[in-house]
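Asker: mind folding the following:
(chains A and B)
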Amino acid sequence: MSNEENANPKCDRRDFMGKAGVSAFLTAMGLAGAGSLVGLSPSVLPDPSKQLKIGPPQDYPSGTVRVFDEEKVVVISDDEGIYALSLVCTHLGCVVTLDRGSGQFDCPCHGSKFTMEGEVTKAPAPRSLDRYEVSLLPGGQMLVDQGVRLDSGEKLKV
Amino acid sequence: MSGLGQLGRNIRSLPKNFMESLIRQGMPNSSRGRSKTVFGNVFLHVHSTRTHRWSCRPLFTMGLGIALLAVFIALAVSGVILMIYFQPSVEGAYNSIKDIQTVVPGGRYIRNLHRWGAYVMVALVFLHMARVFFTNSYKGPRQFNWVVGVILLVLTLALAFTGYCLPWDQLAYWAITIGSNIAGSPVEITDALGITDSFDVGGMQRDLMLGSKSVGGPALLRFYWGHCIVLPIMMMIFMVIHVWRIRKDGGLSRPTDIREDELAGTPCDELAETAFKEKHDKTYGLMCVVPDKTPAVDRGPEQTVSTWPSVFYREMAIMSLVILSLVLLSLFFNAPLKEMANPAVPENPAKAPWYFLALQEIISYSAFAGGILLPTLSILFLMLIPYLDREEGQSGRWFESADIRKTTIRSAILSAVAVVTMLTVNVTAGWLKLSQIWITFINPGTVLAGLFVLLSLGVTARTRSTRHGVTVLFVYFLVSFVILTYFASVHRGPNWDFYWWPSLWPTH
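Answerer: Predicted coordinates:
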């Protein structure tokens, strides 16, 4: 560095005006740019219906396992009642499949395993499969509400 | 003289005058003309008019940078052609790819070229990075160009990822699903801290990626936009910077103690030997009047050859070789296309293309650690290498010293043993049963990476050399990438279970 540049260690008036100008320019450009990026974030997020009618309890005798492909929900009935589990792996969103031989849900993508109750038996899944509320509608139909999550073990007693 | 007469003469001499204005320095049919052309042509002037003989040694660079440029051009051309037919919508995407495969003249070949080109490009990027590292070429003044190189690596992977998500087949749909959930995986951390409700970074990233709460049309359009507009433009900007900086940083790296026998086989310019003395007896003039040192004082441009033709021949040879291989590959092997996307059932196993299989393996330990934490730290480490290791050493030779060669080989063996041991333990015994937040930070991927960071620090202390330290970690990065890629492609089967061989997979 030359003497000329080191002569004014503090910034003088001209320097200050220059720096102020450049900062104003960069701020304006930055904000204008950032402002236009707001459009990248969607405000309307279409989401499929979260409610699913699954028929009367009589259709679900103990031991029934019925998979609803499109909604990615499985409805299981055992001696204690009826419950609905999400088939979406809690790791990274692949759809688990039921291995009827071992009575386990397997995830094809990264190898997580879940029990019939949705509990994790093999990582990497961080938590149990989502359990949705099953309720009895006045007409005798049952309704699975994917908007309402239940604690593990809760079942609809019929 | 009449105006019309003048006009007539102008029209008659138009071809000659046009050519003279197009090529100002005359036809490049003399050494002087060629030098002037290289100097004055916008495309050629990224080369200097003279190039050092060291840069012409084929085994030094292996032509990887030029090969990458060739692949990129092939990808850009084939991509632009594919864009005419591809429809970025859930209904149209798969069928338009099928059309390209079966109906469009040459479509199958162009798509093959685009897909295989991407695979080749990713491989070449890694090889190119390894070449620059092991020839110690990231040292000053080339530090920043190494950083640009790492940015280009990330952009290449991003282009590859967004690319294979477009055909909306099973691979694409589940890759977008998994990719967006990885973007959302910081929720593991915010959940553990209990701040997800107020500060949901993961969810925000996922929504931004998908443009929706679920994987569908908006996501496909965003990937298309990224793949065809944003990423290619960024890629080109950084490529220009990368190539420009090679020139500004003084060409390719080379040692200061080059022996004559090392230059055997490179072109030689008799004229240069007599015209340039080793030491000049006068200093060069200033490039412009600024307070700074004058460049290259007291050094003549010794041991250089004219870029045209010596360097251009070599570059054309490499480019032809690359394009020829791509063409042959694309004529005889078809690019993968799975069944149409089925949101109800993923493929089993659902495997990523080869370059993401290492990532898929560590993601199978933890989503956040494998998908975000380790990749981010790895990229950060790669970028910082020139600033962590500022040792002066000979650049431009493979393994600049016997010690470095030894450290490289030892780290490679140790990394291989460590990764294989980790995989063996993980497959046979499984991993510790810990609560989720602990698994995020203590899993095979993070533990092994942590051990090698410690080893690297230890080596730095013992050898008193940061170059040795970063070598340990860089070699570990490469070796674990290769082994995990091999392991995940061969030994992972349905439900990501271990199999000795794909032929042993159960048939359903």
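Asker: lowest-pLDDT helix or strand in chain B?
Answerer: The weakest-scoring helix or strand in chain B, judged by mean pLDDT, DSSP states H and E, is helix B:270-275 (a mean of 71).
Asker: likewise for chain A?
Answerer: The least trusted helix or strand in chain A, going by mean pLDDT, DSSP H and E, turns out to be helix A:3-6, with a mean of 50.
Asker: is the helix or strand that comes right after that one positioned near chain B?
Answerer: Per DSSP states H and E, helix A:3-6 leads on to helix A:13-37 as the next helix or strand towards the C-terminus. No. Helix A:13-37 lies apart from chain B when judged by CB under 8 Å from any CB of the partner chain; the minimum separation is 9.9 Å. (C-beta placed from N, C-alpha, C; glycine too.)
Asker: next one: the helix or strand following the least confident helix or strand of chain B to chain centre, how far?
Answerer: For helix B:270-275, the following helix or strand on the C-terminal side (DSSP H and E) is strand B:304-306. Centre-to-centre, strand B:304-306 and its host chain are 29 Å apart (CA atoms, centre = their mean, to the nearest Å).
Asker: what are the contacting residues of strand B:304-306?
Answerer: The contact list for strand B:304-306, computed with CB atoms under 8 Å, 6 or more residues apart in numbering or on different chains, reads B:31, B:34-35, B:49-53, B:56, B:266-269, B:272, B:276, B:311.
Asker: go again with 6 Å.
Answerer: Contact with strand B:304-306 is made by B:R50, B:H52, B:R53, B:P267, B:D269, B:A272, as judged by CB atoms under 6 Å, 6 or more residues apart in numbering or on different chains.
Asker: lowest-confidence one in those residues?
Answerer: For these, the minimum pLDDT belongs to B:A272; the value there is 71.
Asker: re earlier: got the contacts of strand B:304-306 as JSON lines, with neighbour count and distance to B:L448 columns?
Answerer: Supplementary listing: the contacts of strand B:304-306 in JSON lines, determined by neighbours: other CB atoms under 10 Å in any protein chain shown; distance: CB to CB, whole Å:
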{"residue": "B:R50", "neighbour count": "20", "distance to B:L448": "48"}
{"residue": "B:H52", "neighbour count": "22", "distance to B:L448": "41"}
{"residue": "B:R53", "neighbour count": "22", "distance to B:L448": "43"}
{"residue": "B:P267", "neighbour count": "15", "distance to B:L448": "47"}
{"residue": "B:D269", "neighbour count": "17", "distance to B:L448": "51"}
{"residue": "B:A272", "neighbour count": "17", "distance to B:L448": "52"}
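Asker: filter the residues you listed by proximity to chain A?
Answerer: Contacts with chain A are made by none of these, judged by CB under 6 Å from any CB of the partner chain.
Asker: closest one to B:P386 out of those residues, please.
Answerer: Distance to B:P386, by CB to CB, is smallest for B:H52 among these, at 21.7 Å.
Asker: residues in contact with the closest one?
Answerer: Going by CB under 6 Å, 6+ apart, B:H52 touches B:R254, B:Q303, B:T304.
Asker: pLDDT score for the last one?
Answerer: We have a pLDDT of 85 for B:T304.
Asker: who does it bridge with?
Answerer: In this entry, B:T304 is beta-bridged to B:H52, by DSSP bridges.
Asker: now do the strand or helix carrying A:L52: everything it contacts.
Answerer: According to DSSP H and E, A:L52 maps onto strand A:51-55. Strand A:51-55 has contacts (CB under 6 Å, 6+ apart) with A:E71, A:V75, A:Q141, A:M142, A:L143, A:V144, A:D145.
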